[in-house]
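Participant: Attaching a predicted model along with its sequence, questions to come.
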Amino acid sequence: MEYQVIYAKRRSVSIRVTKDLKIEVRAPKGLSRDIIDGIVRKHAGWIEKRLKKIQSQPTVLYNPTKEEINILKEKTRDIVLPIVEKYAKIMGLEPAKVTITSAKQVFGSCTSKKHLNFSFRLALYPYDATEYVVVHELCHMREMNHSKKFWSLVETYLPDYKERRRLLK
Ligand SMILES: [Zn+2]
């Protein structure tokens, strides 16, 4: 396991896994490499876990810059608008407004005024998942709740919606 040692005025040793998958060990000045090696080896399991966790997360979601969000918004708009158009036609609905938002917690929402909102994050997910989110929000124009009736409506248009929904996790 490769790691970088940063000697500092401190009493204890700390290990950190950075977002770009580097291992940084902070150690007191003068501590021998053998001892540090031993400590790192002892924590190999924890380090592996951290590395895997960081690798499995889309880095852009950590803290996207304004610029990144704007790029993703454009991308999302290009993907979402044709889907809205397609399903609104099939379902006989007329959304008043479609907005791509900077929302980080939700993928989409629908207001009582028929405004549909979609998060820029959708650009980071598979097309099938985005299609599900669009149909979900369009169905809210008919059913403003998550009742059985609502879900059977979703299923009418996307029989495999449960699989698609899983892609968002
Ligand atoms: Zn909903």
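Facilitator: Cool, got the structure.

Participant: So which residues of this structure form helices?
Facilitator: 33-42, 44-56, 66-91, 127-140, 148-157, 161-166 (DSSP state H).

Participant: just how off-centre is the first one within its chain?
Facilitator: Looking back up the chat, that one is helix 33-42. Centroid separation for helix 33-42 versus its chain: 35 Å, with C-alpha atoms, centre = their mean, to the nearest Å.

Participant: ok, and what's touching that helix?
Facilitator: 1, 3, 5, 13, 15, 23, 25, 27, 47 (C-beta atoms under 8 Å, 6 or more residues apart in numbering). C-betas here are computed from N, CA, C, even on glycine.

Participant: Could I get the contacting residues of the residue in the chain sticking out farthest from the centre?
Facilitator: For the chain, the largest distance from the centre (C-alpha atoms, centre = their mean) belongs to G30, which lies 42.6 Å off. When contacts are counted by C-beta under 8 Å, 6+ apart, G30 is found next to Y7.

Participant: State the phi and psi torsions of it.
Facilitator: For G30, the backbone dihedrals (degrees, to the nearest 10) come out as phi 90, psi -10.

Participant: for the protein, which spans come out with low pLDDT?
Facilitator: Within the chain, the ranges that satisfy pLDDT under 70 run 58-62.

Participant: Check the gap between the residue farthest from the centre of the chain and I6 for me.
Facilitator: Look at G30 and I6: by C-beta to C-beta, to the nearest Å, they are 13 Å apart.

Participant: what does R142 give?
Facilitator: On the measure of C-beta to C-beta, R142 and I6 end up 59 Å apart.

Participant: quick one, which of the helices of the chain is packed in tightest?
Facilitator: Mean neighbours per residue, mean count of other C-beta atoms under 10 Å, is largest over the helices of the chain for helix 127-140, with a mean of 22.

Participant: tell me how far that one is from the chain's mean position?
Facilitator: 16 Å.

Participant: Could you number the chain from 46 rather than 1 from now on?
Facilitator: Sure, I'll start numbering at 46, so the last one becomes helix 172-185.

Participant: Does anything pack onto it? Which helices or strands?
Facilitator: helix 111-136, strand 153-155, strand 160-164, helix 193-202, helix 206-211 (3 or more C-beta pairs under 8 Å, 6 or more residues apart in numbering; DSSP states H and E).

Participant: Just the C-alpha atoms of that helix, please, in CSV.
Facilitator: Extracted in CSV, the C-alpha atoms of helix 172-185 (Å, rounded to 0.1, in the frame of the first residue of the first chain):
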residue,chain,number,x,y,z
TYR,A,172,-31.5,7.7,-19.3
ASP,A,173,-34.0,5.1,-18.1
ALA,A,174,-33.9,6.6,-14.6
THR,A,175,-34.5,10.1,-15.9
GLU,A,176,-37.4,8.8,-18.0
TYR,A,177,-38.9,7.4,-14.8
VAL,A,178,-38.5,10.7,-12.9
VAL,A,179,-40.3,12.6,-15.7
VAL,A,180,-43.2,10.1,-15.9
HIS,A,181,-43.4,10.2,-12.1
GLU,A,182,-43.8,14.0,-12.1
LEU,A,183,-46.2,14.0,-15.0
CYS,A,184,-48.4,11.5,-13.2
HIS,A,185,-48.5,13.9,-10.3
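
Participant: Noted, bye for now.
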